[in-house]
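S.K.: Task: produce atomic coordinates for the following.
(one chain, ligands or ions: 1)
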Amino acid sequence: MNDLPDQDFSTLADQLQTRFLGKPLHFFDTIDSTNTYAARLAREGASEGTAVIADSQSGGKGRLGRSWISPPGVNLYLSAILRPPVPTATVPQLNLLAAVAVADTIVQVCDLTPAIKWPNDVLVGGKKVCGILAEMQTETGTLRAVVLGIGVNLNAPLDAFPEELHEKASSLFLAGGRLVERSAFTVALLTHLEKLYVLWLEGGFSTLRPAWEHHAAWMMGQQITVAAPDGTVAGTVLGLDSDGALLLREGDSGTPRRLLAGDVTVVGGYTHGVRS
Ligand code: BTN
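M.R.: Below is the predicted model:
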């Protein structure tokens, strides 16, 4: 991808107009995991907004103990330190917030139609292009920091992914046929993220809900199965509860089931447009 003018993110800091997010920004050519490094900075007292970006990760971390494929020169691997004064139970909402920020950025920068798969996978054309990993730091039950890790497959070619992921994972380049400028995408993402975060701090999940539902509209009414921490659940998506939990109708049962975490599979496959 040497034809990309911003291979080293060198112009990013100059372009960034945020108030606090991405300030300061730590860049690495390669690192084990931006989340691990940001977690260390957070424990050492780094201020809210501090962010870490790497060109590649040797031990990129995904959800549920999985790894995150992190080749050099093509994608975005970003972790931001947040210190919201909220109860720990509210932290999962940051996953939904980050997914909305990524989806808004994809619309703005790439002119593609993203879809959010609850809670926070961002898909284009039915394939995952972004993963989000929010990790908490607490002290005697009080939230000290959240490391919000975001990986976006911007320009990865198909052979960057192992064959078993070819039907499931993609990049914005593969989906839209155009290379994505990494620093422009990152600046737009940090800007959306800061705006949504400030609104959320002031007004809670309701500030986020319409945008999340807009990007996830395809999920409503779908039959899904969810691999949840306490077993697999199947049902029809009813929508989100007031705190972002997923509401499912299991069979004919009256009371909806509330899910706070899990891996969703859409029964009968996924259909969603590629271009807006
Ligand atoms: C998922 O499994 O969907 C979450 C993937 C999160 C990957 C990002 S890349 C930047 C940050 N650093 C990591 O090690 N993981 C997150």
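S.K.: OK, contacts around Ala103?
M.R.: By CB atoms under 8 Å, 6 or more residues apart in numbering, Ala103 lies in contact with Pro114, Ala115, Ile116, Val122, Ala211, His215. From N, CA and C alone the C-beta is placed, and that goes for glycine too.
S.K.: again with Arg66
M.R.: Counted by CB under 8 Å, 6+ apart, Arg66 has zero contacts.
S.K.: average pLDDT across stretch 234-241?
M.R.: For stretch 234-241, the mean pLDDT works out to 91.
S.K.: Spell out which helix or strand contains Ala115, please.
M.R.: strand 114-117 (DSSP states H and E).
S.K.: quick revisit: looking at the contacts of Ala103, which is nearest Ser33?
M.R.: For the contacts of Ala103, the residue nearest Ser33 by CB to CB is Val122; the value is 19.7 Å.
S.K.: Tell me if that closest one really is in a strand.
M.R.: Yes: counting by DSSP: H, G, I helix; E, B strand; the rest coil, Val122 is found in a strand.
S.K.: Chain neighbours aside, what residue packs nearest to it?
M.R.: The shortest distance from Val122 to any non-neighbouring residue, by CB to CB, 6 or more residues apart in numbering, is to Cys130 (3.8 Å).
S.K.: Run a quick neighbour tally on the one you found.
M.R.: When neighbours are defined as other CB atoms under 10 Å, Cys130 has 27 of them.
S.K.: got it, and Lys127?
M.R.: There are 20 residues near Lys127, going by other CB under 10 Å.
S.K.: Ramachandran angles for it?
M.R.: Main-chain dihedrals, Lys127, degrees, to the nearest 10: phi -120, psi 150.
S.K.: so what's the closest residue to it other than its chain neighbours up against?
M.R.: Spatial nearest neighbour of Lys127, excluding adjacent residues (CB to CB, 6+ apart): Ser170 at 3.7 Å. Neighbouring residues of Ser170 by CB under 8 Å, 6+ apart: Val124, Gly125, Lys127, Lys128, Val129, Asn153.
S.K.: Does the closest residue to the first one other than its chain neighbours belong to a helix, a strand or coil?
M.R.: Nearest residue to Val124, sequence neighbours excluded (CB to CB, 6+ apart): Ala175, at 4.2 Å. When the structure is split into helix, strand and coil by three-state DSSP, Ala175 lands in helix.
S.K.: where do the strands sit along the stretch 151-276 of the chain?
M.R.: Secondary structure of the stretch 151-276 of the chain by DSSP state E, counting those that start in this stretch: the strands cover 223-228, 231-240, 246-249, 257-259, 263-266.
S.K.: Out of those strands, which one sits most buried?
M.R.: Mean neighbour count (mean count of other CB atoms under 10 Å) peaks for strand 246-249 among the strands of the stretch 151-276 of the chain, with a mean of 20.
S.K.: Any buried residues in the helix or strand that the residue nearest to Val122 is a member of, and which?
M.R.: Counting by DSSP H and E, the element that carries Cys130 is strand 127-139. For strand 127-139, the neighbour count (16 or more other CB atoms under 10 Å) marks Lys127, Val129, Cys130, Gly131, Ile132, Leu133, Ala134, Glu135 as buried.
S.K.: And the nearest residue to the last one once chain neighbours are set aside, what's its pLDDT?
M.R.: Spatially, and ignoring its direct neighbours in sequence, Glu135 is nearest to Val147 (4.7 Å; CB to CB, 6+ apart). Predicted confidence (pLDDT) for Val147: 98.
S.K.: go on, Asp14?
M.R.: Note on Asp14: pLDDT of 87.
S.K.: Buried residues, the strand or helix carrying it. List them.
M.R.: For Asp14, the host element (DSSP H and E) is helix 12-15. Of all the residues in helix 12-15, those buried under the rule 16+ other CB under 10 Å are Leu12.
S.K.: near the ligand at all, the helix or strand following it?
M.R.: Sequence-wise, the next helix or strand downstream of helix 12-15 (DSSP H and E) is strand 25-31. No: under the criterion of CB under 6 Å from any ligand atom, the ligand is not reached by strand 25-31; the shortest gap measures 8.7 Å.
S.K.: for the ligand, what are the nearby residues on the chain?
M.R.: Residues of the chain lying near the ligand (CB under 6 Å from any ligand atom): 33-35, 57, 60-63, 66, 68, 77-79, 131-133, 149-151.
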